[in-house]
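Enquirer: Below: sequence and its predicted model.
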Amino acid sequence: MSGNEAIARGLYEAGVRFAAAYPGTPSTEIMEEYSKYEGVYAEWSPNEKVALEVAIGAALAGEKAVAVMKHVGVNVAADPLFTVSYTGTNGALVIITADDPSLHSSQNEQDNRNYAKFSKIPMLEPADAEEAKEFIKLAFEISEKFDTPVFLRTTTRVSHSKSVVSPADPLPYKDKTAITYNAAKYVMVPANARIRRVEVEKRMQLLKSFAENFSENKMEINNPDIGIITAGMPYNYAKDVFPDYSYLKLGMVYPLPEKLIRDFAARVKNIYVVEELDPFLEEQIKAMGIKVTGKEIFPYTNEFDPGIIQNAINKLNKPANLPTKNVPPRPPNLCPGCPHRGLFYTLKKLKVFVTGDIGCYTLSFLKPLEGLHSTICMGASIGMAHGMSKALKEKGKGKIVGVIGDSTFIHSGITPLLNMAYNKSNAVIIICDNSTTAMTGMQEHPATGYTLLGEETIKLDLKVLVAALGIKNIRVVDPYDLKTTRTVIKEELTKDGPSVVISQRPCVLFKRAKTKPQKPLQVDPEKCTGCKVCLGLGCPPISWKKMEKKEGSKREGVSFIDENLCNGCGLCLQLCKFGAIK
Amino acid sequence: MVNNYDVKSILLAGVGGQGTLRASDIMCIVMMEAGLDVKKSEVHGMAQRGGCVTSHVRYGSKVYSPLAKLGGIDLLVAFEKMEALRYMNYLTKDATIILNADEIYPPSVNFGDIPYPDDIIPLLRINYKQVKEIDATDLAKKSGNVKAANVVLLGAISNLMNIPSSIWEEVIKKSFPEKLVKINLAAFQKGRDA
Ligand SMILES: Cc1ncc(C[n+]2csc(CCOP(=O)(O)OP(=O)(O)O)c2C)c(N)n1
């Protein structure tokens, strides 16, 4: 099982029947797997803040609830997070944060262990799939015992690695739900919050002593010369290369078991703290006055592997001379027939500045499309377009476009769009409505008309919503139609006041697609002049082949379409002035 | 004392859509059935969109890390020819390399910005003794489906492992829908014979 499958299994075995989440790599499969178990309630919420609030509500009603998100999702959910730490949870509440060292598919590399300390919430960190399954159960036990939310932190390597897991029988589900009133505990006005604030510190003390005897804080004394303090996946990397050293493996990374750490320090000569990203354990251990080696020799950035740890401890600066060769890179690309392609091709031609957002369409910043010029976080495109256009005044007129995906718009684009109407913006916002959350693997959202559990539901009408926010200029285009798309965006750029263009066409991987893929296109090598215009689309099946120059001809090569990849979307056909594509 | 020095590491490297991860899944189940401890780790975030896909598979009596270190891979299987070069620094000195003759051009090659390397096999041969090229795509076509190229490569891999072919065949049977089993078993055999 993968770490994520094991977490889903662990939730089910622990008798957890309530989960809310917003997708995000590497966390997404947890919900996809969990939702398949019999009798569970699982939902995709519009964003992580809502997901956490939904889970808090379920816990308040007495349920064991879980909220699942990727590391940056916790930023979105941070507001309720810090205060649910005060109220406690009544039922039980676990928040799963999936961090992404090495930024395999994220916009930053934040270390969410810091959230545990900052919000005063205990955090467990498993090292592999089997542990992930067991730790989720322990997390719920701790939540129930101490009336506290509990974090479970996983990383890409834990979530997406597979290892042997032994499934157990699920605990029977006990319905403990009821309405209970307790204003002093759940109404966080200053007078009540001040009292809860003290409770939180008392709870931290109790958790600290709990950590001292926590079964998953494990000491292994082997060779006493070197002791390694570590947690999560780096434990496996270290064990791989140094199986004979002594270890203190922390299953709970916050709060730390001070006595246990001192005990370990007394038994070994030299201590290394092995942790990816921030010196989170190291700083706390150093603050105890214990001498350890950490970020002096280990990197701050990227995930580790066994070699990095081995070389750092053995003081090798460079790994042995290994043969290498530079090979052409293989960057990810929009799929053949992707509806985003036509839109960004048009935006590049219009020479506007595009504040972008996060989704598949972010890939269009790459050559040759180069149709997107900034990406910060989900929803940022709209606020930034507005800010830029206000700051640039006349200079920005007709030049600023914000582009956002449908799922991202629902996640955090609605309030900034309302702001644009309210504060009389001039920018144009384009919503790429491909009927799904494509980047993370085709999840449902409020505008798809289906829930995570596969039920049909009310379908959000983006046009009606946009109008309700106060936007007067609203247009809908099909990005497969290059000419109209260009004309419409151009018209909207010249207008006063904010405009919204909905670029509508389902993702080519969309499972409920009504239209079948068209027949693959072909290049007629006789008509092709080798002008390379079609290559500007950056479409995977289109390549260009050099040929011998013929006498009296300027042609140096021709385009070629790989019929196994092409799905006949017809963009290249619209661009070819010589009618060479059929 | 713990002994985990019998652990072997395999790296499967391919391009999105080639069935690289499917192949590594099958391989892991075979190893589990053969009574070994197995861990595997993969990077596939952007694979669907034509990027690189890699999968580390590590097996032995007790495996800790699902990820191999640089210079620690015993067997590299490149599902696309050029990908073999990308991960050379992962190989041990006496590593074995199996590569598919298939070439898939990335955008920079399509544009004519960078040439597709034409010295792949010689370059590998200078550094490593065991280099084997297989036209897996062609053998898969002959077995009845181009998509079975990944299973052809599994056949070639199976020759290097001390696991009875009956286990491989059983797992392959369970991994595909009924109507594709015959094609994949044929592909597996072609890979073994290649
Ligand atoms: C706060 C936060 N949550 C989740 C993610 C992960 N994520 C990146 S893009 C994306 C959704 C993109 O969907 P959409 O906007 O519809 O664009 P598409 O990929 O379909 O083109 C998600 C969930 C993130 N980067 N940040």
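Expert: Perfect, I can see it now.
Enquirer: What's the local residue count around A:A184?
Expert: Using other C-beta atoms under 10 Å in any protein chain shown, A:A184 has 9 neighbouring residues. For every residue, glycine as well, the C-beta is placed using N, CA and C.
Enquirer: for B:D193, same thing?
Expert: 10.
Enquirer: Let's see the helix or strand of chain A with the lowest mean pLDDT as CSV, backbone CA atoms only.
Expert: Across the helices and strands of chain A, the lowest-confidence element by mean pLDDT, DSSP states H and E is strand A:542-546, at a mean of 87. Written as CSV, here are the backbone C-alpha positions of strand A:542-546 (Å, rounded to 0.1, in the frame of the first residue of the first chain):
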residue,chain,number,x,y,z
ILE,A,542,3.6,18.3,-33.4
SER,A,543,7.3,18.1,-34.3
TRP,A,544,9.5,19.5,-37.0
LYS,A,545,11.8,17.6,-39.2
LYS,A,546,14.8,19.0,-41.1
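Enquirer: The residue lying closest to A:Y12 once chain neighbours are set aside sits in which helix or strand?
Expert: Spatial nearest neighbour of A:Y12, chain neighbours left out: A:Y37 (4.5 Å); criterion: C-beta to C-beta, 6 or more residues apart in numbering or on different chains. Assigned by DSSP states H and E, A:Y37 belongs to no helix or strand.
Enquirer: Please apply the same query to A:I261.
Expert: Secondary structure (DSSP H and E) places A:I261 in helix A:258-267.
Enquirer: And for B:K132?
Expert: strand B:130-134.
Enquirer: buried set for that strand?
Expert: B:V131, B:E133, B:I134 (16 or more other C-beta atoms under 10 Å in any protein chain shown).
Enquirer: Ok, stretch A:265-279 next?
Expert: Residues of stretch A:265-279 classed as buried by neighbour count (16+ other C-beta under 10 Å): A:A265, A:V268, A:I271, A:Y272, A:V273, A:V274, A:E275, A:E276, A:L277, A:D278, A:P279.
Enquirer: can you pull out the strands in chain B?
Expert: Applying DSSP state E to chain B gives strands spanning B:8-15, B:37-43, B:52-60, B:73-78, B:91-100, B:130-134.
Enquirer: elements contacting the fourth one?
Expert: So that's strand B:73-78. On a contact count with 3 or more C-beta pairs under 8 Å, 6 or more residues apart in numbering or on different chains; DSSP states H and E, strand B:73-78 meets strand B:8-15, strand B:91-100, helix B:149-158.
Enquirer: how about CSV for the strands of chain B, with mean pLDDT added?
Expert: Shown next, in CSV, are these (pLDDT from 0 to 100):
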stretch, mean pLDDT
strand B:8-15, 96
strand B:37-43, 92
strand B:52-60, 94
strand B:73-78, 97
strand B:91-100, 96
strand B:130-134, 97
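Enquirer: Could you save those as a markdown table and add columns showing distance to A:T451?
Expert: As requested, those are arranged in a markdown table below (distance: least, C-beta to C-beta, whole Å):
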| stretch | distance to A:T451 |
| --- | --- |
| strand B:8-15 | 34 |
| strand B:37-43 | 29 |
| strand B:52-60 | 31 |
| strand B:73-78 | 41 |
| strand B:91-100 | 42 |
| strand B:130-134 | 46 |
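Enquirer: Any idea which of those strands gets closest to A:E199?
Expert: A:E199 lies closest to strand B:37-43 among the strands of chain B, at 41.7 Å (C-beta to C-beta).
Enquirer: sorry, back to before: can you give me the offset of the strand holding B:K132 from its chain's centre?
Expert: Averaging C-alpha positions (C-alpha atoms, centre = their mean, to the nearest Å) puts strand B:130-134 12 Å from its chain's average.
Enquirer: For the residue nearest to A:Y12, give its distance to the ligand.
Expert: 23 Å (C-beta to the nearest ligand atom, to the nearest Å).
Enquirer: how near is that residue to chain B?
Expert: 21 Å (C-beta to the nearest C-beta, to the nearest Å).
Enquirer: likewise A:K259?
Expert: From A:K259 over to chain B the distance is 27 Å, taken as C-beta to the nearest C-beta.
Enquirer: which ones are touching A:M420?
Expert: Shown in contact with A:M420 (C-beta atoms under 8 Å, 6 or more residues apart in numbering or on different chains): A:I382, A:A385, A:H386, A:A427, A:I429, A:I471, A:P498.
Enquirer: for the ligand, what are the nearby residues on chain A?
Expert: A:22-24, A:48, A:70, A:72-73, A:76, A:358-361, A:378, A:405-408, A:432, A:434, A:436-440 (C-beta under 6 Å from any ligand atom).
Enquirer: Just the ones of these in helices?
Expert: Among the residues of chain A next to the ligand, the members falling in helices (DSSP state H) are A:E48, A:V72, A:G73, A:V76, A:D406, A:S407, A:T408.
Enquirer: okay, among those residues, which ones form the most distant pair?
Expert: So, those by C-beta to C-beta: farthest apart are A:V72 and A:D406, at 19.2 Å.
Enquirer: circling back to that earlier point, packing partners for the helix or strand following the least confident helix or strand of chain A?
Expert: Going down the chain from strand A:542-546, the next helix or strand is strand A:557-561, by DSSP H and E. Applying 3+ C-beta pairs under 8 Å, 6+ apart, one finds that strand A:557-561 makes contact with strand A:542-546.
Enquirer: Please identify the pairing partners of the strand it packs on and their relative orientation?
Expert: When sheet partners are counted by DSSP bridges, strand A:542-546 sits next to strand A:557-561 (antiparallel).
Enquirer: what comes up buried for the strand it pairs with?
Expert: A:G557, A:V558, A:S559, A:F560, A:I561.
Enquirer: Kindly reformat those residues as JSON lines and extend each row with pLDDT and distance to A:G88.
Expert: Shown next, in JSON lines, are the buried residues of strand A:557-561 (pLDDT from 0 to 100; distance: C-beta to C-beta, whole Å):
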{"residue": "A:G557", "pLDDT": "89", "distance to A:G88": "69"}
{"residue": "A:V558", "pLDDT": "92", "distance to A:G88": "70"}
{"residue": "A:S559", "pLDDT": "93", "distance to A:G88": "65"}
{"residue": "A:F560", "pLDDT": "91", "distance to A:G88": "65"}
{"residue": "A:I561", "pLDDT": "93", "distance to A:G88": "62"}
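Enquirer: right, and the pair among the residues you listed with maximum separation?
Expert: Greatest spatial distance in the buried residues of strand A:557-561: A:G557 and A:I561, 14.0 Å, computed using C-beta to C-beta.
Enquirer: picking up where we left off before, just send the contacts of A:M420 back as CSV, with neighbour count, distance to chain B and secondary structure too.
Expert: Converted to CSV, the contacts of A:M420 look like this (neighbours: other C-beta atoms under 10 Å in any protein chain shown; distance: C-beta to the nearest C-beta, whole Å; DSSP: H, G, I helix; E, B strand; the rest coil):
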residue, neighbour count, distance to chain B, secondary structure
A:I382, 30, 25, helix
A:A385, 31, 26, helix
A:H386, 24, 30, helix
A:A427, 30, 29, coil
A:I429, 28, 25, strand
A:I471, 20, 32, coil
A:P498, 30, 32, coil
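Enquirer: which among those residues gets closest to A:K549?
Expert: A:A385 (46.8 Å).
Enquirer: Thought A:K399 was touching the closest one, still the case?
Expert: No. The pair A:A385 / A:K399 is not scored as a contact, 10.4 Å apart, by C-beta atoms under 8 Å.
Enquirer: Since that was my last question, I'll sign off now.
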